[in-house]
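Participant: Sharing a model prediction with you, sequence too.
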Amino acid sequence: MTRPIVVRPEAGEELVEAHQWYEGQRPGLGDEMVACVEAALQAAARNPGVFQKVHGPVRRVLVRRFPYGVFFFETDSTVVVLAISHAHRTPDYWERRLRDE
């Protein structure tokens, strides 16, 4: 069963910023990046338990072709995305978002 995906606003903003940056590098590259993130989100929605736990209930799925990780946790009915983070960003900056939950 595929669970609905809930993307927290901060994570959505991170995706928009990444898209804009990649589009600035080469037209169309931002769209490719978003497609890869969407594929990672769908994988998490289909089978969230297979991805590595990184902090308490939070799991991470890596994005193919791009240096990003999608950090999420599962509820009984949804997959909640806390962050879409570049691999070189300071680790665990998104933990405060979990406390806001």
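Facilitator: Noted; the coordinates are in hand.
Participant: now the helices for this structure?
Facilitator: 9-25, 29-46, 95-99 (DSSP state H).
Participant: Output those as TSV; include the columns mean pLDDT, distance to L82 and mean neighbour count.
Facilitator: Using the backbone N, CA and C atoms, a C-beta is placed for each residue, glycine as well. Below are the helices of the chain laid out as TSV (pLDDT from 0 to 100; distance: least, Cβ to Cβ, whole Å; neighbours: other Cβ atoms under 10 Å):
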stretch	mean pLDDT	distance to L82	mean neighbour count
helix 9-25	97	6	15
helix 29-46	97	12	17
helix 95-99	73	5	13
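Participant: Nearest to V79, out of these?
Facilitator: For the helices of the chain, the distance to V79 is smallest for helix 29-46, at 5.1 Å, taking Cβ to Cβ.
Participant: Other residues contacting the closest one?
Facilitator: With contacts defined as Cβ atoms under 8 Å, 6 or more residues apart in numbering, helix 29-46 is touched by 2-5, 7, 15, 18-24, 51, 59, 61-66, 68, 70, 72, 79, 81, 84.
Participant: mind redoing it with 7 Å?
Facilitator: Contact with helix 29-46 is made by 2-3, 5, 15, 18-20, 22-23, 51, 61, 63-66, 68, 70, 72, 79, 81, 84, as judged by Cβ atoms under 7 Å, 6 or more residues apart in numbering.
Participant: Could you count how many residues lie near M1?
Facilitator: Neighbourhood size, M1 [other Cβ atoms under 10 Å]: 6.
Participant: Tell me the spacing between A43 and P9.
Facilitator: Going from A43 to P9 by Cβ to Cβ, to the nearest Å gives 22 Å.
Participant: beta partners of the residue sitting nearest the centre point of the chain?
Facilitator: Nearest to the geometric centre of the chain sits V70, at 2.4 Å (Cα atoms, centre = their mean). The partner list for V70 in beta bridges (DSSP bridges) reads V61, I84.
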